[in-house]
Structures are given as C-alpha cells and as structure tokens.
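Participant: Attaching a predicted model along with its sequence, questions to come.
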Amino acid sequence: MSSLYVPPRPQPLAALVSLLRVMAQGDGDLLSLLPAKAYRVKTGWLGYSRRSILIVNEPELLRDILTDPTDIYPKNDLMVGALEPLVGNSIFVSSGAVWRRQRQMIDPAFSHMRLNKAFVSMSAAVDDYERRLDESAERGESLSLDLAMSHLTADIICRTVFSTSLKSQTAVDVFEAFTVFERTCAQVELKRLIFDAPFAAIPQHPQVLEACERIRRHLGDLVDTHLTADATQYDDIAAEVIAARDVQTGEGFTRKELLDQLGVMFLAGHETTASALIWAFMILGLHPPAMARIRAEVAEIAGDGPISLEQVRRMSYVRNVFREALRLYPPITFIPRVAAEPATIGPHRVKRGAMLMIAPWCIHRHRDYWKNPHAFDPDRFSAEREHELVPGAYLPFGLGPRVCVGAGFAQLEASLILARLCRRYDFTILDARKVRPVARLTTRPAQQLMCRVARRADAVSSTQT
C-alpha cells in the first residue's frame, strides 16, 4: 500500500490556520478553508459564521437531506444567488413545486441520451480533436489541459443537445467567460460566507454579469437555430425540451426558460466531465504504471482499430480510473443546502438559515469510509473489492431524486476519451510541483494545468470514420 500514488491536495490544518491560509492566498479557494476536522467528523459545526455551517459526512443523514421529501432543505440561497445570472431559476437551482414541474417537463428529453446514439457523436468529436492534438504535437507546443478538455467535452455535448459541432472560437470564448464567472462570482467571497445574514441579496460583480451574458448569447444562438426551424428538422435534446409542455397548463418553456434549462445541460454536461478529465490526465501523466495499464487494456480489447461502444463498456480499468478521479477530485466539490425551518440533524439542532454543507470532497476522503483515502487506487472499484465500498459514501453525481441524469453519459464519454487519447499520445505535465487543486464552483487547478502531447511512436490513426 505504501507504493500507492498520492496526487496533489491541500494539507488539512486547524480552522483558524485554514482561514488565515485562504486569506493569504487571496483566491477564494474553499478547499483550503476546510479544517482538518472536516475530514474526521460524521457531523459537526465548522468554524464561526453569522449563519452557522453544519458539515454532514454521515451517509444516512446526508441521504435524508438530499432526498428531502418535505422540501425543508432547498438548494442553498448563497449558491442560488450566485448561479442565477448564469442559469436563472432552472432545474439546477430550483426547489419544491417549481423543480418538480421543470423535471416533469424535461425528463422525456433525457431519453435522447440513448448511449448508442450519443456514442456516434462522441466518437466524431474525438476524431476532430485528435487532428487538433496531432497538430499541437507536431509543433511541440504546450497546451492547457483545462481548455483542451473543456473544448472537447463542450463539442460532444453541443453535438448531442443541438446536433451541431462547436466552433473553436465559441468554445474558447465560453471557456474564458466561465473561468471569469467561476473565479469571481459572489459565492466564493469569504466575507459573504462568514459575515452575511442568511437569505441576504447577493449582488454580482459587473465582470461576472458580463461573462454570463457572453455565455448566454452563445447559447441563445444555438437555441434560436431550433426555434426558427421546422419542428421535424431536429431530433435531439433541444428539440425535446422545446416541445415539452406543462401537464397542468399545456404551456411550453419561454425562450428565457429554454436558455436556463438548456444552459444547465450544456454547462453541467461538459464542465463537470472536463474537470474530472483534467485530473485524470494529470495523474496518468505523472503516474506511468496507471497509463501503462490503460494502454494494455485498450490494446487487449480494441487493438489499434476503431473503438466501439461495446468495447468501451468492457474496459473496466479505464472506467475505474475515471471513477477514482471523480472520487479524488469530485467536480461538484460541495452540495450546499439551507434549513428553510428549524430542524434536527443527527445530534444537532439547526436554526432556520443554517447552511448544511455536504462535501463530496470530504466524504470521498473520509478515513471511516475509504482505505488510504488520499491515494490514487482505481482497483478499489474493481469487482473483487466491491465489498469495501460504503453505500452513500461515493456521490460525484449527487444522490436521491436530483441525482445527475447524465451520469451514464459522462462515464461513457470519459472512458472513450481516456481510451483513445491514452492509446495515441504521451502526456508530459509541466510544472507538476506547482499543481494545486482549488474549489470554487467546480474542482479545478488553481492555475491552468499545462502539458505537452506527443504522438506515440507505435500509435496508428484511430479515427472512427
């Protein structure tokens, strides 16, 4: 066990020291704010704040909060206020009756995530991106893993939701705007987290509002291609959402509501997968034994020819590498809720407005639920060790009725990308000692993670066409 690779992470410190560390860093990193206590307790109060913060690490208790049949634990108001300029009152942030109406209307669209159909779009997008990486490799230039994975996964979700590939400049613009939004939105300001009263209004910075406007403008262009087209022209997720009707009123979504709902699908459908893939490729670039095992499995199952859907499904180690990357670096670092009324959670009485912090980052690294919790060990998800997994202690896609409906899509997409790019390229991570994970809205490197790619000497073209 001592030979297991331990990738970068913040060192847990005492609460006050953690606060001072974040203030010194000045980048609003919520991971560095987590005290050592957060990794040990089942439930417990974190630090001192005007609104009080209870961290919930116990699987049974967090399941009660996330399933929430009585609607007393809605999405945290601080998060809702921060995200509203980008996704409005969409399914990602709404609660109660509003959320149930939205979910009922858009559920049929998820049938378009039929994986055999989506796989064709995934493969075509990887074909195109391999050609881009070939050019980069030939020039010997460095590239941002953050931008590379964001571009590729955005192209895949764009082809699936809107039946079109994503223009390169649009992908760059969306990536840059989302980076501004994530780094600057008010959710990550310590002052608001510690000093503001519950349910206080959350004014956003002008640069955040401008970034949201840029993203929504691009989404609007995509939505409008469907709104102005013949109803039978498209057979995709966007067309299904446009056709959706409220069973009570018979009304469909307005254009603004379409931007909200499809914006969530577009952003959540690629940013979260991109986040996990950044970390997966970083680990593989720094840990050659894992890269060698991936290549051996891909060679055994698919050889050097096109990789099919059924072959990807047989690649258990590739899939487990992605699952372990999701465990170590869950894209959604925190799932915050708020107590809409006084309640009892475990041994604790919580007042109205208290923040309930469910942190996949902490649960996934809790010593009571995982052996060698900070180590990279994909085999913990193997069939032989399935008995070690604690129910409810692994939640990269959430839990309960709001679990991510795209979980299967994301795992297939990521497995295909890992299999094809690992077979074809060597990845050299630059400035590896400076890599530091941070949490704002998603778990990302503090600075863009730079690398070089090189065509493997024995790699042949794996283009699927």
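Facilitator: Everything's here; your move.

Participant: List the residues that contact residue 376.
Facilitator: Residues near residue 376 by C-beta atoms under 8 Å, 6 or more residues apart in numbering: 4, 5, 6, 7, 283, 287, 290, 324, 328. (Glycine included, C-beta is placed from N, CA and C.)

Participant: for the second one, what are its contacts?
Facilitator: Put plainly, it is residue 5. 283, 286, 287, 290, 375, 376.

Participant: do the same with residue 102
Facilitator: Counting by C-beta under 8 Å, 6+ apart, residue 102 touches 90, 91, 94, 261.

Participant: these two touch, right, the last one and residue 241?
Facilitator: Read that as residue 261. Yes. Contact criterion C-beta atoms under 8 Å: residue 261 and residue 241 qualify, at 5.8 Å.

Participant: Now do the helices in the stretch 351-465 of the chain.
Facilitator: Using DSSP state H, counting those that start in this stretch, the helices found in the stretch 351-465 of the chain span residues 360-363, 407-424.

Participant: meant to ask about the stretch 151-300 of the chain
Facilitator: Using DSSP H, counting those that start in this stretch, the helices found in the stretch 151-300 of the chain span residues 168-184, 190-195, 206-227, 237-243, 255-286, 288-302.

Participant: Out of these, which is the most enclosed?
Facilitator: Greatest average neighbour count among those goes to helix 255-286 (a mean of 24), per mean count of other C-beta atoms under 10 Å.

Participant: got the angle between that one and helix 407-424?
Facilitator: 40 degrees (axes from the mean of the first three to the mean of the last three C-alpha atoms, to 10 degrees).

Participant: now helix 255-286: how far from the chain's centre is it?
Facilitator: Relative to the centre of its chain, helix 255-286 is centred 5 Å away, using C-alpha atoms, centre = their mean, to the nearest Å.

Participant: what's the angle from it to helix 288-302?
Facilitator: Orientation check (the same axes, to 10 degrees): helix 255-286 against helix 288-302 gives 110 degrees.

Participant: Helix 255-286 vs helix 206-227, what angle?
Facilitator: 110 degrees.

Participant: Now do helix 255-286 and helix 168-184, the angle between them.
Facilitator: 90 degrees.

Participant: returning to that earlier point: so what sits against both of residue 261 and residue 241?
Facilitator: The contact sets of residue 261 and residue 241 overlap at 106, 253 (C-beta under 8 Å, 6+ apart).

Participant: returning to what we had before: okay, the helices of the stretch 151-300 of the chain in TSV with mean pLDDT next?
Facilitator: Output for the helices of the stretch 151-300 of the chain, formatted as TSV (pLDDT from 0 to 100):
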stretch	mean pLDDT
helix 168-184	83
helix 190-195	64
helix 206-227	90
helix 237-243	89
helix 255-286	91
helix 288-302	98
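
Participant: Dump these to TSV, plus distance to residue 457.
Facilitator: TSV is the format used below for the helices of the stretch 151-300 of the chain (distance: least, C-beta to C-beta, whole Å):
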stretch	distance to residue 457
helix 168-184	29
helix 190-195	50
helix 206-227	39
helix 237-243	41
helix 255-286	17
helix 288-302	13
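
Participant: Residue 320 is nearest to which of those helices?
Facilitator: Closest approach to residue 320 among these (C-beta to C-beta): helix 288-302, 9.9 Å.

Participant: so what's the spatially most central residue of the chain up against?
Facilitator: Centroid-nearest residue in the chain: residue 272, 2.1 Å away (criterion: C-alpha atoms, centre = their mean). Contacts for residue 272 (C-beta under 8 Å, 6+ apart) come out as 331, 332, 404, 410, 442.

Participant: List the contacts of the third one.
Facilitator: Read that as residue 404. Here residue 404 is in contact with 268, 272, 397, 398, 410 (C-beta under 8 Å, 6+ apart).

Participant: returning to that earlier point: tell me the one of the contacts of residue 272 nearest residue 122?
Facilitator: For the contacts of residue 272, the nearest to residue 122 is residue 410 (10.8 Å; C-beta to C-beta).

Participant: Excluding sequence neighbours, find me the nearest residue to the closest one.
Facilitator: residue 273 (4.8 Å; C-beta to C-beta, 6 or more residues apart in numbering).

Participant: give the contact list for that neighbour.
Facilitator: With C-beta under 8 Å, 6+ apart, residue 273 has these contacts: 149, 153, 331, 410, 413, 414.

Participant: could you measure it against residue 145, distance?
Facilitator: 13 Å (C-beta to C-beta, to the nearest Å).

Participant: Ok, residue 274 next?
Facilitator: 9 Å.

Participant: coming back round to it: for the helices of the stretch 351-465 of the chain, which one sits closest to residue 251?
Facilitator: Among those, helix 407-424 comes nearest to residue 251, with 28.5 Å by C-beta to C-beta.

Participant: For the closest one, name the packing helices and strands.
Facilitator: helix 115-139, helix 145-162, helix 255-286, helix 288-302, helix 309-314, helix 316-328 (3 or more C-beta pairs under 8 Å, 6 or more residues apart in numbering; DSSP states H and E).

Participant: 10 Å instead?
Facilitator: Applying 3 or more C-beta pairs under 10 Å, 6 or more residues apart in numbering; DSSP states H and E, we find helix 407-424 packed against helix 115-139, helix 145-162, helix 255-286, helix 288-302, helix 309-314, helix 316-328, strand 450-455.

Participant: of all the contacts of residue 272, which comes closest to residue 51?
Facilitator: The nearest member of the contacts of residue 272 to residue 51, counting by C-beta to C-beta, is residue 332 at 20.9 Å.

Participant: Next up, the contacts around the closest one.
Facilitator: Each residue near residue 332 by C-beta atoms under 10 Å, 6 or more residues apart in numbering is listed here: 268, 271-272, 275, 326, 358-361, 395-398, 404, 439, 441-443.

Participant: any idea whether it is helix, strand or coil?
Facilitator: With DSSP: H, G, I helix; E, B strand; the rest coil as the basis, residue 332 sits in coil.
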